[in-house]
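Undergrad: Model the structure of this input:
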Amino acid sequence: MSIRDDVIFSLEVHGDIEFIYQGQHYYIGYNNNNRDNPDNGYIILKSPDNQIAIGHSSDWTDALDQPIFKGKTINDVFDKIEFTSLT
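TA: All right, here's what the predicted structure looks like:
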């Protein structure tokens with residue numbers, strides 16, 4: 001399995017992940033834990049508590065495609081990211 005697959009797996013199993021990019025800490029997780037809520041989805045935070053993206057998709061790959069780094073996505077800069085909470 002590739003690291004990208006490990007990231008998706010960790011998000012699917014645990015519902016969150018932390019990473020560092022250019023010295024800044026980031027977090028991806030659920031924006032609501034109530035599965036019956038139509039606003040469920042993901043949230044991307046730049047520490048501390050600075051919301052930079054939110055989605056209502058249950059597809060974690062959508063979170064990796066959000067242009068959160070000056071128009072670039074997590075997928076675009078994947079090789080420059082240090083994931084700190086992979087399982």
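Undergrad: tally of neighbours for Leu86?
TA: Using other CB atoms under 10 Å, Leu86 has 13 neighbouring residues. In this view, the C-beta of every residue, glycine as well, is placed from N, C-alpha and C.
Undergrad: Tell me who's in contact with it.
TA: Counting by CB atoms under 8 Å, 6 or more residues apart in numbering, Leu86 touches Ile3, Asp6, Val7, Ser10, Ile17.
Undergrad: Need phi/psi at Leu64.
TA: phi -70, psi -10 (degrees, to the nearest 10).
Undergrad: same thing with Lys80?
TA: phi -100, psi 10.
Undergrad: So for it, what's the nearest residue that isn't a sequence neighbour?
TA: Tyr21 (6.5 Å; CB to CB, 6 or more residues apart in numbering).
Undergrad: same thing with Gly15?
TA: In space, Gly15 is closest to Tyr30, 5.1 Å off (CB to CB, 6+ apart).
Undergrad: still on that earlier bit, Serialize the contacts of Leu86 to CSV and add fields for secondary structure, distance to Tyr26 and neighbour count.
TA: CSV is the format used below for these (DSSP: H, G, I helix; E, B strand; the rest coil; distance: CB to CB, whole Å; neighbours: other CB atoms under 10 Å):
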residue, secondary structure, distance to Tyr26, neighbour count
Ile3, helix, 16, 12
Asp6, helix, 17, 14
Val7, helix, 12, 23
Ser10, helix, 14, 18
Ile17, strand, 9, 21
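Undergrad: And the furthest pair within those?
TA: Ile3 and Ile17 (11.6 Å; CB to CB).
Undergrad: got any residues that touch both of the two?
TA: Phe83, Leu86.
Undergrad: Quick one, grab the pLDDT at the residue most central in space within the chain.
TA: Nearest to the geometric centre of the chain sits Ile28, at 3.2 Å (CA atoms, centre = their mean). Confidence at Ile28, expressed as pLDDT, is 91.
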